[in-house]
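Sequence first, then the predicted structure, then my questions.
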Amino acid sequence: MFRPISRSGNMRQVGRLTTRTIADIVKKCATAAGLDASTFGAHSLPAGYITTAAERGADLARIMDQSGRRDPQTVVGYIRRANAFKDHSGSGLL
């Protein structure tokens with residue numbers, strides 16, 4: 001999914017980014033955005049995508065196809081999280 005890029009901007013043809021490298025990039029971006037980097041990691045990218053897709057009403061099969069997830073239970077967990085405060089009595093207070 002992610003390929004290494006040299007400092008000169010050329011995509012490297014060999015290898016791939018490690019989970020640790022992706023986590024470092026995510027944390028650096030979170031810090032630059034003024035967020036607490038300790039709450040972000042490599043898993044934040046697919047988790048954020050799946051949660052957002054669920055909030056927008058995408059169906060389970062489509063989310064699984066787009067995210068490469070094979071276990072529906074994993075995706076259902078994100079959908080439940082996305083809908084936790086939907087139509088909640090306090091949802092309009094913030």
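Okay, I see it.

buried ones in stretch 20-31?
Counting neighbours by 16 or more other Cβ atoms under 10 Å, one finds that the buried residues in stretch 20-31 are 22-23, 26-27, 30. Just so you know, the C-beta spots here come from the backbone N, C-alpha and C atoms, and that holds for glycine as well.

which residues are in contact with the longest helix anywhere in the chain?
Among the segments of the chain that qualify as a helix by DSSP state H, the longest is helix 19-32. Contacts with helix 19-32, where a contact means Cβ atoms under 8 Å, 6 or more residues apart in numbering, come from 2, 4, 17, 36-42, 44-45.

quick one on the thing from earlier: with pLDDT and distance to residue 63 added, can I get the buried residues of stretch 20-31 in a markdown table?
Shown next, in a markdown table, are these (pLDDT from 0 to 100; distance: Cβ to Cβ, whole Å):
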| residue | pLDDT | distance to residue 63 |
| --- | --- | --- |
| 22 | 83 | 20 |
| 23 | 88 | 23 |
| 26 | 87 | 21 |
| 27 | 91 | 25 |
| 30 | 90 | 24 |
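
Can you give the domain ranges for the chain?
Using the TED database, the domains assigned to the chain come out as 1-38, 42-85.

Out of those, which is the most enclosed?
Counting by mean count of other Cβ atoms under 10 Å, domain 42-85 has the highest mean neighbour count of those, with a mean of 14.

so how far is it from its chain's centroid?
The chain centre lies 9 Å from the centre of domain 42-85; the measure is Cα atoms, centre = their mean, to the nearest Å.

Please work out the average pLDDT along it.
Average pLDDT, domain 42-85: 83.

Secondary structure element for the residue positioned nearest the centre of the chain, which one?
When Cα atoms, centre = their mean is applied to the chain, the residue found nearest the centroid is residue 45 (2.2 Å). Per DSSP states H and E: residue 45 is located in helix 44-55.
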